[in-house]
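*Asks:* Below are the sequence and a predicted model; questions follow.
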Amino acid sequence: MENFAPPRGMRDFYPEDYRIREYIFNAWEYAAKIYGFEFWDAPVVESMELLERKAGEEISEQIYSFEDKSKRRLALRAELTPSLARMIINRQGGLSFPLKWASIGQCFRYERMTRGRKREHYQFNLDIIGEESTTAETEVIAATLTSLEKTGLSEKEIRVHIGSRKLLVELLSEFKLSEAQLTACYMALDKKGKVSDEEINKILKNENIPEEVINKLFRVISISSLEEAESYLPENSEALKELKEFFKFSESYGISKYLKFDISIVRGLGYYTGIVFEGKAVKSNLRTVFGGGRYNNLLSSLGGRELPCVGMGFGDVVIMELLSDCRKLPGQRHGIEYIIGYMNADCAEFAQKAAAKIRKSGKSCSVGLKPEKPKQFFKKADRNNAHNAIYIGPDELESGKITIKNMKKSEDTIKSFAELP
RNA sequence: GUGGUAGUAGCUCAGUUGGUGAGAGCGUCUGGUUGUGGCCCAGAAGGUCGCGGGUUCGAUCCCCGUCUUCCACCCCA
């Protein structure tokens, strides 16, 4: 009992914190539901093997792993996608694709902490499984943006940067690059603007990337529009066709005002195969709020059917900070509709019966757990932001009449027990 | 991981160049009003001054270590 603080990187949610979390979850749930996504969930504890196979060796160092009493190697999930993949594969014969699935789950990652990064967070995932059209990308991004709009954010605060892994592969296709070299190229693009050109050059040389490829990469980095990219690409470029299609669909979804083509978006995870995207906060130094993309090979690489997928992940920590910066967090608690107090023990039963009646009507109602003086009671009613307060004393007990006080207007209404809501 | 910053009441922070009993505002509680909240007034509770060690007659203050926070870089996405 020495250290009462939560473990490093873990959070307590006091009621005022929980309220904010609920507010964000509600926005996520709202968006997922009005776009027709279905919610799913899986255990927080997964087998280490599943997480390793998907993530690769480096990330497994950041996974909280342990052995259970039967020596099974288990781990806390660091993201939701492996569990999703497992569930899809297990039922791939019986599911009718495409699926639109959503989830909100707590994920853990042992990593160094900075602003907006803890060792535990709640992640909102939207995935469309089994659809190769870029309608899937559009749909996922549109739903994500709807959740942000629900919290009061707009294109003034958020920009979605759109890139494409496939486009990069095509641009570099004239060279015969190994997987490792391609990954190094992605990393270099990712560093654009963050690190000096010399640094990028050095990194690439270390990976044995030929001089000519590096030169091409630097030309690629400077591409700032789709039209510009077009001149570098073959006539029948698939990536270009996809991107054009995607931007066309985005027009009719009404989300183009958020979008910006950005060739440097590659995403860190290895399994992306097509369009990739990152939602960034315009004000807060372009911090990444959400990200995702197309991963067409993941399920088959885990032994499942060939199923094209688009996924999006969105953490609660950054959005909380962003909303706080923009002063868009909800303030007061919602407030209960009715609160009932009583003067002495004899009045308790009457108060409890009134509360039971009000609750049967579906209205929220809190009844005192012990007798309270009127002053105490009304003060508490005020603090709880109650809409109506009912105080039962000997007078009410005798007459059977109940005074309902509207706390905002400070007006009384007298009703009989039968007239209660 | 490296460098810096900070840690004093529930919260935000003063303060002591080392000296009897450690301060404010906000919040909480009580009373002013044994049947009415917000405002006001009065009062109270609440602190091992992050933790451990050292120096000293004496440490919240100085020194060392450690943990935690925040920031930057590194790493990662």
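*Replies:* Sure thing, it's come through. Note that this is a predicted model, so its numbers are computed, not measured.

*Asks:* Near RNA strand B, which residues of the stretch 101-250 of chain A are found?
*Replies:* For the stretch 101-250 of chain A, the residues in contact with RNA strand B (C-beta under 7 Å from any atom of the strand) are A:Glu111, A:Arg112, A:Met113, A:Thr114, A:Arg115, A:Asp190, A:Val195. (C-beta placed from N, C-alpha, C; glycine too.)

*Asks:* So which of those residues wins on neighbours?
*Replies:* Counting neighbours by other C-beta atoms under 10 Å, A:Asp190 comes out on top of these with 17 neighbours.

*Asks:* Wait, it touches A:Asp262, no?
*Replies:* No - using C-beta atoms under 8 Å, A:Asp190 makes no contact with A:Asp262, being 11.1 Å away.

*Asks:* Looking at the residues of the stretch 101-250 of chain A next to RNA strand B, which gets the smallest pLDDT?
*Replies:* Among these, A:Val195 carries the weakest pLDDT, at 65.

*Asks:* Apart from its neighbours in sequence, what residue is nearest the residue of the stretch 201-350 of chain A found nearest RNA strand B?
*Replies:* Closest residue of the stretch 201-350 of chain A to RNA strand B, C-beta to the nearest atom of the strand: A:Gly268 (2.7 Å). Once flanking residues are discounted, A:Gly268 sits nearest to A:Asp190: 7.2 Å by C-beta to C-beta, 6 or more residues apart in numbering.

*Asks:* Now the residue lying closest to A:Leu259 once chain neighbours are set aside: which helix or strand?
*Replies:* Of all residues not flanking A:Leu259 in the chain, A:Val160 sits nearest, at 5.2 Å (C-beta to C-beta, 6+ apart). When elements are assigned from DSSP states H and E, A:Val160 belongs to strand A:158-164.

*Asks:* export stretch A:366-377 as CSV, just CAs?
*Replies:* The C-alpha trace of stretch A:366-377 is given here as CSV (Å, rounded to 0.1, in the frame of the first residue of the first chain):
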residue,chain,number,x,y,z
SER,A,366,-32.3,9.5,-7.2
VAL,A,367,-33.8,9.0,-3.7
GLY,A,368,-32.0,9.9,-0.5
LEU,A,369,-30.2,7.1,1.3
LYS,A,370,-30.8,8.8,4.7
PRO,A,371,-32.8,11.7,6.1
GLU,A,372,-31.5,15.1,5.2
LYS,A,373,-32.2,18.6,6.3
PRO,A,374,-33.9,20.7,3.6
LYS,A,375,-30.9,22.9,3.2
GLN,A,376,-28.6,19.9,2.8
PHE,A,377,-31.0,18.3,0.4
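
*Asks:* Tell me where the model's unsure across chain A.
*Replies:* Flagging of chain A using pLDDT under 70 yields the residue ranges A:1-3, A:53-60, A:192-196, A:269, A:284-286, A:332.

*Asks:* and the gap between A:Leu369 and A:Glu349?
*Replies:* According to C-beta to C-beta, to the nearest Å, A:Leu369 and A:Glu349 sit 14 Å apart.

*Asks:* follow-up on the earlier one: within its sheet, name the partner strands of the strand holding A:Val160 and how each one runs.
*Replies:* Within its sheet, strand A:158-164 is paired with strand A:259-261 (parallel), strand A:275-281 (antiparallel), according to DSSP bridges.

*Asks:* need the contact list for A:Ile214.
*Replies:* A:Asn201, A:Leu204, A:Lys205 (C-beta atoms under 8 Å, 6 or more residues apart in numbering).

*Asks:* Export those residues to CSV and append columns for neighbour count.
*Replies:* Shown next, in CSV, are the contacts of A:Ile214 (neighbours: other C-beta atoms under 10 Å):
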residue, neighbour count
A:Asn201, 17
A:Leu204, 21
A:Lys205, 13
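
*Asks:* Which residue is the nearest non-sequential neighbour of whichever residue of the stretch 1-150 of chain A sits closest to RNA strand B?
*Replies:* Nearest residue of the stretch 1-150 of chain A to RNA strand B, counting by C-beta to the nearest atom of the strand: A:Arg115, 3.2 Å away. Distances taken as C-beta to C-beta, 6+ apart place A:Glu321 nearest to A:Arg115, at 7.0 Å, with adjacent residues excluded.

*Asks:* Confirm that that neighbour sits in a helix.
*Replies:* Yes - A:Glu321: assigned to a helix according to DSSP: H, G, I helix; E, B strand; the rest coil.

*Asks:* How many residues are close by it?
*Replies:* Other residues close to A:Glu321 by other C-beta under 10 Å number 17.

*Asks:* and if you look at A:Tyr338?
*Replies:* Using other C-beta under 10 Å, A:Tyr338 has 23 other residues around it.

*Asks:* so it touches A:Gly362, yeah?
*Replies:* No - assessed by C-beta under 8 Å, A:Tyr338 is found out of contact with A:Gly362, at 11.5 Å.

*Asks:* RNA strand B contacts on the stretch 251-400 of chain A?
*Replies:* Counting by C-beta under 7 Å from any atom of the strand, the stretch 251-400 of chain A sits next to RNA strand B at A:267-269, A:278, A:288, A:291, A:343, A:373-376, A:378-379, A:381-383, A:389, A:391-396.

*Asks:* Among the residues you listed, which are located in helices?
*Replies:* Using DSSP state H, the members of these that fall within helices are A:Pro374, A:Lys375, A:Gln376, A:Phe378, A:Lys379, A:Ala381, A:Asp382, A:Arg383, A:Pro394, A:Asp395, A:Glu396.

*Asks:* TSV for the residues you listed, including neighbour count and distance to A:Ser222?
*Replies:* As requested, these are exported to TSV (neighbours: other C-beta atoms under 10 Å; distance: C-beta to C-beta, whole Å):
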residue	neighbour count	distance to A:Ser222
A:Pro374	13	73
A:Lys375	8	71
A:Gln376	12	69
A:Phe378	18	68
A:Lys379	12	65
A:Ala381	25	64
A:Asp382	12	61
A:Arg383	9	59
A:Pro394	12	83
A:Asp395	12	82
A:Glu396	21	78
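
*Asks:* Identify, from these, the entry nearest to A:Thr138.
*Replies:* Taking C-beta to C-beta as the measure, A:Thr138 lies nearest A:Arg383 of these, at 46.6 Å.

*Asks:* burial of A:Lys415, as a residue count?
*Replies:* With other C-beta under 10 Å as criterion, A:Lys415 counts 13.

*Asks:* And for it, nearest residue in space, chain neighbours not counted?
*Replies:* Excluding its sequence neighbours, the residue lying closest to A:Lys415 (C-beta to C-beta, 6+ apart) is A:Ile402, at 5.4 Å.
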